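> Fold the following for me, if possible:
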Amino acid sequence: MSSNSSVDAISADLSENVVVQNATLHRKIGWQGAFWVASGVPALVLFSIGAIAATVGKPAWMIWAISITFGFIQAFTYAEIAGLFPHKSGGASIYGAVAWVKYSKFIAPVSVWCNWFAWSPVLAIGSGLAAGYMLSALFAPDAVINTWQLTLLDLSAIKAGLALRINATFILGASVLLTVFFIQHGGILRSAKTTMILGVIALIPLMLIGLVPLITGDTAQANFFPLAPLAHDAAGNVIDGVWGIEGWKLMAGGLFIAAWSTYGFETAVCYTREFKNPKSDTFKAIFYSGLLCVAVFTLVPIAFQSHLGLGQMVTPAVLDEAGAVVTPAVYSGMLEASIYSGMGVAAAFSDIVGGGKFIGNLMIIMMVLALLLSIMTSMAGSSRTLYQASVDGWLPKYLSRVNEHGAPTSAMWTDLCFNLVLLMMSDYVFVLAASNIGYIIFNFLNLNSGWIHRMDRPNWERPYKAPLILITLGGILGYVNLAIMGLGADIWGDGTLKTGLVFAALIIPVFIYRHYVQDKGVFPKQMLEDMHIDGHETGVTNRAGILPYLAIATGVALVWYMHSL
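Sure, this is the predicted structure:
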């Protein structure tokens with residue numbers, strides 16, 4: 001039976017009444033629990049490693065190393081701001097929203113919304129890839145189960161070839177989603193225990209894949225150098241490109257799409273409200289999750305590229321009399337079509353380890369479990385973002401309901417329904433790229449919230465205080481992220497940047513409904529007190545002045561300029 005969470009987190013913690021305590025999220029895990037829940041993040045390498053390799057070419061391995069370095073630096077800002085609010089769930093976007101809300105009612109919900117719609121599609125893409133892996137392992141590519149499809153809606157106005165469809169991938173993927181929902185319904189403790197088991201099993205193949213080439217010395221230098229962007233001649237043959245504007249667009253596009261995976265371990269701070277000791281657990285969770293991600297996101301792409309190589313054209317494209325492509329060219333190596341879509345990545349990884357068909361199928365099963373782990377990570381984090389955003393007055397009230405286990409079930413049902421629609425999309429790479437527009441916006445706002453909190457709340461207790469150089473670097477990286485988004489987002493489809501920005505703007509009518517219709521223009525009392533924006537709190541000022549507005553204006557101008565190049 002569900003209960004409506006009308007009790008604030010601080011009162012729940014202090015209360016001796018079990019009913020009151022259970023009306024909000026439960027404090028049941030340590031940093032190790034959050035580490036295992038966040039251990040699904042390394043599996044996100046499976047989502048775009050093929051697309052980046054097939055688009056960028058030989059510099060692909062560098063993309064991942066640079067991107068995870070950016071993500072690790074940014075994590076220190078998130079660890080600091082999370083420690084300021086031990087009674088809040090929902091992750092860095094919630095903590096960053098506190099910094100922005102005194103400057104604008106509308107900027108804060110944009111941050112929370114963008115974080116949610118960036119994380120939520122992990123459910124659809126992960127379950128779709130897991131279904132694809134299983135179908136590929138069990139049936140031939142031309143089997144009826146792999147080829148039948150019912151098209152529901154043509155979305156080519158958004159991107160050429162995009163459609164909503166029902167096929168075997170959708171049906172099997174939906175079953176995966178429902179399984180994860182059932183596990184998460186039992187609360188954070190059951191989720192953490194399940195992800196620990198899955199994490200141990202699922203991370204084994206990723207670490208093996210990363211370490212085997214280093215142990216055997218099987219790293220072909222020709223597959224990595226020269227560091228030239230991917231290009232094709234007039235006949236479609238693969239050649240080394242040059243570092244002109246088109247080459248840098250590919251590099252920016254690679255860094256843009258990799259950020260969706262490599263920055264993801266910030267989800268470890270989503271569970272601050274459920275930590276037994278939030279002051280110490282928050283930093284440990286994100287730091288150790290980050291170390292794990294540095295290893296996986298550095299080693300696995302190197303092994304992948306070393307094994308496959310760039311590839312060459314196998315069969316040229318077939319054109320009609322008007323010069324339109326009837327059948328696209330076929331390539332080998334990293335340029336193979338199944339590598340770009342992600343469906344062939346599992347088979348390529350199994351070949352790295354070797355051992356015959358049995359070992360290959362075992363590796364595929366373990367990679368399916370890795371995807372299941374990433375789906376659990378996403379559902380746990382994104383549903384709590386919706387939950388806390390509802391409690392704080394950004395999103396509709398129904399999202400703040402929890403069940404008897406302390407699981408935010410209304411938010412989870414919303415996540416599930418949204419992703420069942422995304423699961424019907426015919427191009428998961430485009431879904432990933434469009435959702436990443438929101439993720440870059442979220443990162444920009446929250447990296448800047450680090451210095452805003454420092455200026456406006458200089459005397460607040462900080463269980464972890466990041467070195468000033470890391471706060472500064474985080475703010476700079478916020479602009480770097482915007483630059484690569486403006487320059488490289490549309491290499492994943494002409495409408496990528498526009499689609500992502502339109503979806504980001506959808507929060508405005510949603511917030512207007514909640515704030516001005518449901519709440520009559522007044523934030524919930526507990527939110528005003530907990531966020532210290534009721535105008536009477538000591539130690540809280542608007543010392544940043546016009547700087548937050550200048551930061552946003554500069555960011556908008558930077559995106560516009562880079563996109564115009």
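
> Please make it C-alpha for all contacts and neighbour counts, starting now.
OK.

> which regions of the stretch 351-500 of the chain lie under the pLDDT threshold?
Counting by pLDDT under 70, the ranges of the stretch 351-500 of the chain that qualify are 355, 405-406.

> Quick one: the helices in the stretch 201-350 of the chain, in order.
Secondary structure of the stretch 201-350 of the chain by DSSP state H, counting those that start in this stretch: the helices cover 245-262, 278-308, 337-341, 345-353.

> Check the most far-flung residue of the chain relative to its centre and give its pLDDT.
Most distant residue from the mean C-alpha position of the chain: Glu321, 43.3 Å away (Cα atoms, centre = their mean). Glu321 is assigned 77 on the pLDDT scale.

> try Pro278
65.

> ok, now Leu501?
At Leu501, the predicted lDDT confidence score is 95.

> That one touches Ile437, doesn't it?
Yes: contact status for Leu501 versus Ile437: in contact at 6.8 Å, counting by Cα atoms under 8 Å.

> quick one: which of those two has more around it?
Regarding Leu501 and Ile437, a neighbour count based on other Cα atoms under 10 Å identifies Ile437 as having more, with 30 against 16.

> give the contact list for that one.
Going by Cα atoms under 8 Å, 6 or more residues apart in numbering, Ile437 touches Ala118, Met485, Ala489, Leu497, Gly500, Leu501.

> what's next to the host helix or strand of the fifth one, contact-wise?
What that stands for is Gly500. Using DSSP states H and E, Gly500 maps to helix 496-505. With Cα under 8 Å, 6+ apart as the test, helix 496-505 has contacts from 110, 113-114, 158, 430, 433-438, 485-486, 489-490.

> Mind exporting the C-alpha coordinates of that helix to CSV?
Taking C-alpha atoms only, helix 496-505 is exported to CSV below (Å, rounded to 0.1, in the frame of the first residue of the first chain):
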residue,chain,number,x,y,z
THR,A,496,19.8,16.4,-32.3
LEU,A,497,20.6,19.8,-30.7
LYS,A,498,17.2,21.3,-31.5
THR,A,499,15.3,18.2,-30.2
GLY,A,500,17.2,18.2,-27.0
LEU,A,501,16.7,21.9,-26.4
VAL,A,502,12.9,21.6,-27.1
PHE,A,503,12.6,18.7,-24.6
ALA,A,504,14.6,20.7,-22.0
ALA,A,505,12.1,23.5,-22.4
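
> got the buried residues for it?
Thr496, Leu497, Thr499, Gly500, Leu501, Phe503, Ala504 (16 or more other Cα atoms under 10 Å).

> can you tell me which of these lies nearest to Asp392?
Taking Cα to Cα as the measure, Asp392 lies nearest Ala504 of the buried residues of helix 496-505, at 19.0 Å.

> give me the low-pLDDT residue ranges for the stretch 51-200 of the chain?
Residues of the stretch 51-200 of the chain meeting the criterion pLDDT under 70: 86-92, 184-196, 198-199.

> just the helices in it please.
60-83, 92-101, 107-119, 122-138, 144-147, 168-184, 188-216.

> Quick one: closest of those helices to Glu246.
Nearest to Glu246 among those is helix 60-83; the distance by Cα to Cα comes to 15.4 Å.

> other SSEs contacting that closest one?
helix 45-56, helix 92-101, helix 245-262, helix 278-308, helix 428-456, helix 468-488 (3 or more Cα pairs under 8 Å, 6 or more residues apart in numbering; DSSP states H and E).

> So which of those helices is nearest Ala222?
Using Cα to Cα, the helices and strands packed on helix 60-83 put helix 278-308 closest to Ala222, at 8.7 Å.

> what about the residue nearest to Pro109 when sequence neighbours are not counted, how many neighbours?
Distances taken as Cα to Cα, 6 or more residues apart in numbering put Trp394 closest to Pro109, at 5.7 Å, once the chain neighbours are dropped. Residues lying near Trp394 (other Cα under 10 Å) number 28.

> which residues touch Trp394?
Pro109, Phe511, Arg514, His515.

> and if we set it to 10 Å?
Applying Cα atoms under 10 Å, 6 or more residues apart in numbering to Trp394 gives the contacts 105-106, 108-110, 112-113, 386-388, 507-508, 510-515, 523-524.

> Show me which of those residues are buried.
Buried among the contacts of Trp394 by 16+ other Cα under 10 Å: 105-106, 108-110, 112-113, 386-388, 507, 511-515, 523-524.

> related to what we said a few turns ago, can you give me the angle the helix holding Gly500 makes with helix 107-119?
Here helix 496-505 runs at an angle of 120 degrees relative to helix 107-119 (axes from the mean of the first three to the mean of the last three Cα atoms, to 10 degrees).

> So Ile73 is in contact with Leu470, correct?
Yes: using Cα atoms under 10 Å as the test, Ile73 is close enough to Leu470 to be in contact (6.5 Å).

> and the longest helix seen in the chain, how far out from the chain's middle?
In the chain, assigned by DSSP state H, the helix with the most residues is helix 356-391. Helix 356-391 sits 12 Å away from the centroid of its parent chain (Cα atoms, centre = their mean, to the nearest Å).

> Can you name the element that comes right after that helix?
Per DSSP H and E, the first helix or strand lying C-terminal to helix 356-391 is strand 401-402.

> Partner strands of that next one, with direction?
strand 3-4 (antiparallel) (DSSP bridges).

> Just the mean pLDDT for the partner strand, thanks.
What strand 3-4 shows for mean pLDDT is 42.

> measure Ala160 to Glu321 for me?
From Ala160 over to Glu321 the distance is 21 Å, taken as Cα to Cα, to the nearest Å.

> Could you do Ala140 as well?
Relative to Glu321, and taking Cα to Cα, Ala140 is found at 33 Å.

> Ala252 now?
Taking Cα to Cα, one finds Ala252 at 36 Å from Glu321.

> With Ser435 instead?
38 Å.

> I'd guessed Thr55 sits against Val429; true?
No: judged on Cα under 10 Å, Thr55 makes no contact with Val429 at a distance of 11.7 Å.

> list residues touching both of these two?
Counting by Cα under 10 Å, 6+ apart, the shared contacts of Thr55 and Val429 are Tyr340, Trp492.
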